[in-house]
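Engineer: any chance you could fold what I've pasted below:
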Amino acid sequence: MIALNLAGITFLEQEVVRHFLADRIHLEQKCFVKLEGNESSTYDADFSVNVNIGEDDNITTHRIGWIPRTSTVSKYMNQAYMKKDNERYARECERLRLLEILRGNIHTDITINLVDPYGIINNILFIEGEKFFNEGSNNMDRKLASVSCRFEYPNP
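Structural biologist: Predicted structure coming up:
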């Protein structure tokens, strides 16, 4: 199993953020990954993470973030190295290792196996002022700070 934070949540549509705050998008909800565009590179492809909301005949799909690119995590590793932050550097190295495994498996499932990779939302974090919360409670003053998903791929 591989779990990691999604990228791009600050650019989500307000409707999606409201769904998070109202608990319509919630922990343990099933999510799925789609390849956006025709990118053939495993590590540069744009993989969006999506959820379905609604009942039988009225289902809408919403993007809740992106699988981070390896170049983004490499940038964070370089920043930690330049600041001589060994703890953060080690964390980002592990994140890069897991991300490469995850992106490789997702790319294989989408382009070769022709299946949509599924995962589960395993953490949602909100911020209000200086405090962090794990629930939205329909408080529109809270901002979405982090969304994490886990995928059932082996972690060698």
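
Engineer: now for the helix or strand bottoming out on mean pLDDT in the chain, which elements pack on it?
Structural biologist: When each helix and strand of the chain is scored by mean pLDDT, DSSP states H and E, strand 131-133 comes last, with a mean of 77. When contacts are defined as 3 or more C-beta pairs under 8 Å, 6 or more residues apart in numbering; DSSP states H and E, strand 131-133 packs onto strand 118-128. (Glycine included, C-beta is placed from N, CA and C.)

Engineer: so what touches the strand it packs on?
Structural biologist: Applying C-beta atoms under 8 Å, 6 or more residues apart in numbering, the contact partners of strand 118-128 are 3, 20-21, 25-33, 49, 51, 64, 132-136, 139, 141-152.

Engineer: let's go with 7 Å and repeat that
Structural biologist: 3, 20, 27-32, 132-134, 136, 139, 141-151 (C-beta atoms under 7 Å, 6 or more residues apart in numbering).

Engineer: and stretch 52-72, by the same measure?
Structural biologist: For stretch 52-72, contacts defined as C-beta under 7 Å, 6+ apart pick out 6-9, 12, 16, 19, 24-25, 31, 33, 43-44, 46-51, 96, 99-100, 102-103, 106, 147.

Engineer: can I assume Arg150 sits in a strand?
Structural biologist: Yes - under DSSP: H, G, I helix; E, B strand; the rest coil, Arg150 sits within a strand.
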